[in-house]
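# quick one: sequence plus predicted model below, questions after.
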Amino acid sequence: MDRRWTSYLSPGVSTILHQARNTIEEQEKGSSTANLITEEGTLDWRHFTRGELLKGRISQLESQKTEEEQEFEIASSNLQKWLPSIHAYVSSFDARQLHDRYGPLLAGISYEEDVSTLADLRQREDDEGCSWNDMTCAAIMCTYIERFLGDVYVSLKIKENNLPQDIGVSDDIRPPHLLKELLLTPTLLQAFGPDVIFLLRLTMGPPTGLNLRNILWHGFISREYPSLYTSFVILLALSLVELALGHFPAGIYRRKLKEISKVPLHYYDFGMGIYSLVQDWDNRACLQLENILRETWFFPVGRSVPIIEAIRDLRTSTFKLNPNHRALTRMLPQLEHALRHVYVSCNGLPSSVLRAESRLHFSTLDIFLAQDIEVEMTPQDRLQLENQLENKNKISQQLSVPIMEALWDIFLHVQGPRIRDRVSHGEAHVPSIPTIVADRVLGIITYLSIIFHPKYRTDPHGYRSQLEPQLERCFRFYEEYVSCFHPKSLLFREMSTCHSRWCDFHVQVENALQHEVQDEVELDWIYKARSDEYVKEDGAIAAFLEKFKLKIPEMESLKTNHVTPTHLPKEEMLYLSAEEMSKIESLRRLTQACVDLLDTSELKIQEVREQILKGTATRRLQDSFYKLMGFLGTLCTIIQAVLVFAEYSKKSDSVETRWLNEAHSRVLNMIRRAKENQWTAIYADFDKFTLDFQKSQNRRKK
């Protein structure tokens, strides 16, 4: 494998950044910032207009370039003349000085994050002479800019429609998800004017410009990054806040951010345990991992440095900014770009897919993990590879199904943390990012670095025998990984919860009956005769149970409350069809409704029973209680049936989604009737419930 350093930028952007590095080396650091920066310390927009940036524009377009491409190339060249002065000015501040100088503006761009600490991070020395810390700072600031522009957009929409400030962000005022689309909206054009929008599109926006946000977050850039752009991005962010506050003196509307820690910690465990990787590792394990990262083929040359820095951040962080957030900002771009190499290699794709091409959609993490190949290629590449490419993505064969499950869990599944999207787009509430998310990402990197290590490739068992115990434990964890956030995993978890809840309900019913018997309340006929009569004398339930053998003890995966990975076959865990997704969602809703039915019945038991014991219950209320006790046997039968339906459907296609939706409606109706003490009517609902199932089976046979 070629271990030489390579640029993965489009030729145009690569040339511009190379010129920028030369510019800072040629000019004196103390060059004047006169006229470029106002007395308030923000950009003097008169020098950053579209007209100023396009000075020297050639009227005749080059045949190979669009008008926008040529404009951005000229504007980038002119912008570079001012960057060294701005860099010298901004980099002269440490964290305290930056906070003192720009306190109100820093507060405007942040959501509780201490942005000023980025100044101290920039002053840390990087390994191998590369501006990794500057890249980390720039990537963080780009997310803050994207988030802030979205807030400005919503603020203007609220003002335009005379909406209350405490309104939620509905679809009609929600900003576009992509930054390049947001920068094209008339709303932002109205707020900032065409000159500022041109500068933002030049630096942050489409691939035809510098596109700093995407080349940083998608891992296309490394050692060629000039640190002076970080200084410019910081000052640009503060200057945007100053402009926006002119429209909204009372402040900008703040959208609610995603609380990553709201995902319950136990959801990250599907029978394999929860533990912290980095904090539990000793120095020997960390040193061995650092050596593995430097030697592995997984990362292109030099790209392991940010991962090593992330490990140090997580273990010995002294910065106020959430170390999990900073570690993820270091790791995610490098992980994505390393996976891009694997994706291109195993699928035989052209080298252009590795680069940030200005005229093609970038290849990104969601594409690498998809079932089919969806990447965009140049017409020349597609013609050259015609009849050679397969539609099916082969990356799972290269990486293994368990590690694909882990990648989907952390990055793509809807119910998971989706940490890359939420961090890179500024959607995550930074203080809420838990350690387990950074741990999981680092664990994935550790596993992939080991399997792509040259010694592992030649002698897997021998190499694993040399791993430190903590690294071997991590490797084994991902070697046997079972998805926690796959829809089938979530369904199984909820079915287990429902079964456990059903068992608890049985105990509470028995306790209630015993207490009433001790109080000499005659319940023999009410409970035994009535409930048994419901089941035995009505042939529908008896025949139904006999025909499909729907009894809880016969259910394989719900015999115990403990969930184990063996219940979820790996070959079924990666990709689902739209039909499968619809069925699983219907099963989940039905299972949740059964839990609600149990909860409702339990509340009714407690409510009525307390009044009976106090002697305040009316005769009608007492009759309702007795009817409820008589109904309990049937209710438990209902819950058993639904659980087994769900289990049966999970293993077979014989239960249609249509019936599941009908069953869900029936159970919701039972809940309503239980609240109104209509116990006899609930039995009629259950009779229809079973009839619906039989009709579903008959439809399927036809």
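Okay, I see it.
# how far away is residue 382 from residue 71?
29 Å (Cβ to Cβ, to the nearest Å). No exception for glycine: its C-beta is placed from N, CA and C like everyone else's.
# between the two, who's got more neighbours?
residue 71 (21 against 12; other Cβ atoms under 10 Å).
# what about the residue nearest to the more buried one when sequence neighbours are not counted, neighbour count?
Leaving aside its sequence neighbours, residue 71 sits nearest to residue 54 (Cβ to Cβ, 6 or more residues apart in numbering; 6.1 Å). Number of residues near residue 54 (other Cβ under 10 Å) recorded here: 15.
# by residue count, tell me the biggest helix in the protein.
helix 578-614 (DSSP state H).
# for that one, which residues meet the burial criterion?
Buried residues in helix 578-614, defined by neighbour count with 16 or more other Cβ atoms under 10 Å: 583-591, 593-595, 597-598, 600-602, 604-605, 608-609, 612.
# do you know how far the closest residue in space to residue 121 that isn't next to it in sequence is from residue 203?
Once flanking residues are discounted, residue 121 sits nearest to residue 133: 5.4 Å by Cβ to Cβ, 6+ apart. For residue 133, the distance to residue 203 (Cβ to Cβ) stands at 20 Å.
# where do the helices sit along the stretch 51-200 of the chain?
67-80, 83-90, 95-109, 117-122, 132-160, 179-182, 186-203 (DSSP state H, counting those that start in this stretch).
# which stretch among those comes nearest residue 16?
Closest of those to residue 16 is helix 67-80, at 4.7 Å (criterion: Cβ to Cβ).
# right, and residue 464 touches residue 453 too?
No. Residue 464 is beyond contact range of residue 453, at 10.3 Å (criterion: Cβ atoms under 8 Å).
# who's more crowded, these two?
residue 453 (19 against 15).
# so what's the more buried one closest to, chain neighbours aside?
Once flanking residues are discounted, residue 453 sits nearest to residue 296: 4.8 Å by Cβ to Cβ, 6+ apart.
# mind listing what the most centrally placed residue in the chain touches?
A centroid search over the chain (Cα atoms, centre = their mean) returns residue 418, at 0.8 Å, as the residue closest to the centre. By Cβ atoms under 8 Å, 6 or more residues apart in numbering, the residues touching residue 418 are 410, 411, 412.
# give the closest residue to residue 244 in space, chain neighbours not counted.
residue 152 (5.1 Å).
# neighbours of the one you found, how many?
The number of residues near residue 152, taken as other Cβ under 10 Å, comes to 24.
# please shift the residue numbers so they start at 621 in all later answers.
All right, first residue 621 from here; so that's residue 772.
# kindly format the C-alpha coordinates of stretch 1058-1070 as CSV.
Taking C-alpha atoms only, stretch 1058-1070 is exported to CSV below (Å, rounded to 0.1, in the frame of the first residue of the first chain):
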residue,chain,number,x,y,z
ALA,A,1058,-16.5,9.3,22.1
ASP,A,1059,-15.6,5.9,23.5
ARG,A,1060,-17.6,4.1,20.9
VAL,A,1061,-16.0,6.1,18.0
LEU,A,1062,-12.6,5.5,19.4
GLY,A,1063,-13.4,1.8,19.8
ILE,A,1064,-14.4,1.5,16.2
ILE,A,1065,-11.2,3.3,15.1
THR,A,1066,-9.2,0.9,17.4
TYR,A,1067,-10.8,-2.2,15.8
LEU,A,1068,-10.3,-1.0,12.2
SER,A,1069,-6.7,0.1,12.9
ILE,A,1070,-5.9,-3.4,14.1
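# what about the strand or helix carrying residue 1076, distance to the chain center?
Using DSSP states H and E, residue 1076 sits in helix 1074-1078. Centre-to-centre, helix 1074-1078 and its host chain are 33 Å apart (Cα atoms, centre = their mean, to the nearest Å).
# helices or strands next to that helix in the packing?
Helix 1074-1078 sits against helix 1080-1084, with contacts defined as 3 or more Cβ pairs under 8 Å, 6 or more residues apart in numbering; DSSP states H and E.
# give the buried residues for the helix it packs on.
Using 16+ other Cβ under 10 Å as the test for burial, helix 1080-1084 gives residue 1083.
# list the helices and strands that helix packs on?
Against helix 1080-1084 (3+ Cβ pairs under 8 Å, 6+ apart) you get helix 1074-1078.
# what does the helix it packs on rub up against?
By Cβ under 8 Å, 6+ apart, helix 1074-1078 touches 915, 916, 917, 1070, 1082, 1083, 1084.
# ok, the residue nearest to residue 691 touching residue 693?
No. Using Cβ under 8 Å, residue 674 makes no contact with residue 693, being 10.3 Å away.
# now do the shared contacts for these two.
By Cβ under 8 Å, 6+ apart, no residue touches both residue 674 and residue 693.
# so residue 1109 makes contact with residue 1102?
Yes. Residue 1109 lies in contact with residue 1102 (Cβ under 8 Å); the separation is 7.3 Å.
# circling back: and the residue nearest to residue 691, how far from residue 697?
When distance is defined by Cβ to Cβ, residue 674 is 10 Å away from residue 697.
# from the contacts of residue 1038, which land in helices?
Those of these lying in helices (DSSP H): 1030, 1031.
# out of the contacts of residue 1038, the closest to residue 957 would be?
Once Cβ to Cβ is applied, the member of the contacts of residue 1038 that ends up nearest residue 957 is residue 1031, at 14.3 Å.
# count of neighbours near the residue nearest to that closest one when sequence neighbours are not counted?
Spatial nearest neighbour of residue 1031, excluding adjacent residues (Cβ to Cβ, 6+ apart): residue 1040 at 5.1 Å. Neighbour count for residue 1040, taken as other Cβ under 10 Å: 24.
# tell me the secondary structure at residue 1040.
What DSSP: H, G, I helix; E, B strand; the rest coil gives for residue 1040 is helix.
# ok, the residue nearest to residue 691 - contacts?
691, 694, 695, 698.
# ok, now residue 1281?
residue 1206.
# what pLDDT is listed against it?
At residue 1281 the predicted local confidence, pLDDT, stands at 80.
# ok, so what distance separates residue 675 from residue 1205?
58 Å.
# now do residue 701
With distances taken as Cβ to Cβ, residue 701 is found 57 Å from residue 1205.
# hang on, isn't residue 925 packed against residue 751?
No. In this structure, residue 925 is not within contact of residue 751 by Cβ under 8 Å, at 10.7 Å.
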